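> my questions concern the predicted model and sequence given below.
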Amino acid sequence: MALRLEDYALIGDRHSAALVGVDGSIDWLCLPRFDAPACFAALLGTPEHGQWALTPTDQVRPAGRRYRPDSLVLETDLTTGTGTVRITDCMPARSDTAQVIRIVEALDGRVQVHSRVVLAFDYGSRPPLWRRQHGRLHAVAGPDGVSLDGDVRHEIRDGVAQATFHVEPGRNVALRMSWHGLANADKPGRDPHVLVEQTDRWWRTWAAHCSYQGDYREAVIRSLLTLKALTYAPSGGMVAAATTSLPEQLGGARNWDYRYCWVRDATFTLLALLESGYVKEAQAWREWLLRALAGDPARLQIMYGVAGESRLPETELDLPGYADSRPVRVGNAASEQFQLDAYGDLMDSLHQGREHDLTPDEDAWHAQTALMDVLESRWTEPDHGIWEVRGAPRHFVYSKVMAWTAADRAIAAVERSGLAGPLDRWKQLRPDIHTQVCSDGFDTSRHTFTQSYGSTALDAAVLLMPAVGFLPARDPRIAGTVKAVEKHLLQDGFVQRYNAQGSGRVDDLPAGEGAFLPCTFWLADAHAMAGRKGRARQLYEKLLDLRNDVGLLTEEYDTTQQRLVGNLPQALTHVAVVNTAFGLQGGGASRRRSASRSRSRS
């Protein structure tokens, strides 16, 4: 029976990542890159699609697990009838190869352990050829090569690397899997024990730079560590999640590949990093944005690959998927959609960089003026919206709000930063958008902003209107919208993105999904900004209670089955953990995008 998503922890080396189960199995491993096909995917199929299980041969039960303090080194304890073992897992900092280090030790007693390594590259479709060279096992398949070594000798039986050994106090066993691609794999690796301690020290040193000192510090630091682990070190880009196709509804069809970098997340991410004192990471993220845009900002996409790739074709794999959820997708066709809000997101993120005194970059302003040229000509067009609906384009209210945000930030760049641009034209554009949104996107009978022009459906994305400065948090129209969301989109205290069924449906997919956790954080932000700090804290703590035992969250929560659903771990959710905490402390993150002094009113 498959583990629950709550049962997984993340390890990574800032190039790639793996998910470790509470039973000591590694069921998802991307090597050498987050989005590379050189991964095994037991999480999406069966153990035959790839797995590294370390299992005591006696009857076993989990006895607890934890990350080491302020670290991404994971410790998993398993108890048997003969004793208790601890498995320590990590992925050391990348040099020329990706490595997974596993150390098995006995806390008490004498325990026999079985190691079973099933390698199947390209999402479990390509079993390797096993060879033994220089005392180590090597598995090769096409461009991929992996070596397996350590303190015990694995033998190949029926295409599976297996070993049985025992541990007791004073005797531990270290194991290593290394990806080396086409390179020569004969070079011996460094001592695994030393690598574990170096990895632990590296993460603790990084975490020590966190400037947050308020309530919920443990949750904030764990989320920041998770975000750092989801960052692709060579480019500075941050993937939305480490996985693909983990379902938003168990057994359903809303299964997407999230191993890419979304422009939408840029502002949220920049502010979380900057407010927490991680200027270097914020600078790298901004550099990734500029590299992704390259020489043609007018062709802005909503997402790119970890290195800035623009071609992300979507295909479906012949795998049953997690909880038999189909289809399993690789790539993301939403990258080809027109989403107006992405222009506002990018304009705002670069604006926030200037507001927080990131090193000026002339290329950034050139890109922004080019984006504004496109926005001025296209803001009146329908789009696919923040939720990337796979249906007909509409005039989404949040999209128009973010078009307003783009104009507002462009004006601020001229008036406050002294940059050159057509100020008069932008000053006319901003109120034009504002007036239209307040006229066509507001339902006067129910006193709420809607999802799209002419629609009665609601959308939790409009909770961000006060955060971007479109209207004050205490404006009666915002208050009415918050009440409408709480009345119609709350599901056992958690917020759904929008009406996903009935007359309010906006896509052609089967109805049904979990409550959307970032939206619930946005509701907490709206309450905090309106002065309802008690209600905001109540919501925030309710969300923190959903974290698994090692502090991780997905994108959604199934309130019926009381399970986390969606890709894991979800960057946007963990960014919200950080930003809402700052907002509750009265910091800038609660007003994270309303930096312009001048305000349009309608």
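Now that the structure is in, tell me what you want to look at. As the structure is a computational prediction, the values presented were derived from the model and not from experiment.

> contact partners of the helix or strand hosting Leu225?
Element membership for Leu225 (DSSP states H and E) is helix 217-229. Applying C-beta atoms under 8 Å, 6 or more residues apart in numbering, the contact partners of helix 217-229 are 10-12, 14, 17, 67, 70-72, 203, 206-207, 210, 212, 238, 242, 269, 272-273, 276, 278, 281, 544, 547, 550-552, 569, 571, 574-575, 577-578, 581. C-beta: built from backbone N, CA, C; applies to glycine.

> show only the entries of the residues you listed found in strands.
Among these, the ones falling in strands (DSSP state E) are 10-12, 17, 67.

> nearest to Arg446, of those?
The closest of the ones in strands among the contacts of helix 217-229 to Arg446 turns out to be Leu10 (C-beta to C-beta; 41.8 Å).

> what separates the closest one from Glu309, distance-wise?
Distance of Leu10 to Glu309, computed by C-beta to C-beta, to the nearest Å: 23 Å.

> these two: which is more packed in?
When Leu10 is set against Glu309 and neighbours are counted by other C-beta atoms under 10 Å, the residue ahead is Leu10, at 25 against 15.

> my read is that the more buried one contacts Ala242, right?
Yes. Here Leu10 reaches Ala242: they are 6.3 Å apart, a contact under C-beta atoms under 8 Å.

> give the residues shared as contacts by these two.
Jointly contacting Leu10 and Ala242 under the rule C-beta under 8 Å, 6+ apart are 17, 19, 229, 568-569.

> buried ones among those residues?
Buried members of the shared contacts of Leu10 and Ala242, counted by 16 or more other C-beta atoms under 10 Å: 17, 19, 229, 568-569.

> tally of neighbours for Thr456?
By the criterion of other C-beta under 10 Å, Thr456 has 14 neighbours.

> angles on the backbone of it, please.
Phi and psi for Thr456, reported as degrees, to the nearest 10, are phi -100, psi -10.

> gap between it and Val167?
Per C-beta to C-beta, Thr456 is found 63 Å from Val167.

> before we move on, the earlier item: ok, and for the helix holding Leu225, which residues are buried?
By 16+ other C-beta under 10 Å, the buried positions in helix 217-229 come out as 219-229.

> now the helix or strand following that helix: how far from the chain's centre is it?
Counting by DSSP H and E, the next helix or strand C-terminal to helix 217-229 is strand 261-262. With C-alpha atoms, centre = their mean, to the nearest Å as the basis, strand 261-262 stands 9 Å off its chain's centre.

> again, but for stretch 539-551
Counting by C-alpha atoms, centre = their mean, stretch 539-551 comes out at 16 Å from the chain centroid.

> now that stretch: buried residues?
539-540, 543-544, 546-548, 550-551.

> over to stretch 472-482?
The neighbour-count check on stretch 472-482 (16+ other C-beta under 10 Å) flags 472-473, 477-478, 480-482 as buried.

> likewise for stretch 148-158?
Of the residues in stretch 148-158, 148-151, 154 count as buried by neighbour count, 16+ other C-beta under 10 Å.

> how far does that stretch sit from its chain's centre?
In terms of C-alpha atoms, centre = their mean, the centre of stretch 148-158 is found 34 Å from the chain centre.

> sheet-wise, list the partners of the lowest-mean-pLDDT helix or strand in the chain with their directions.
When each helix and strand of the chain is scored by mean pLDDT, DSSP states H and E, strand 39-41 comes last, with a mean of 88. Paired strands of strand 39-41, with direction, are strand 25-30 (antiparallel) (DSSP bridges).

> run through who's touching the strand it pairs with.
3, 8, 16-21, 36, 38-44, 50-55, 89, 100, 242-243, 259.
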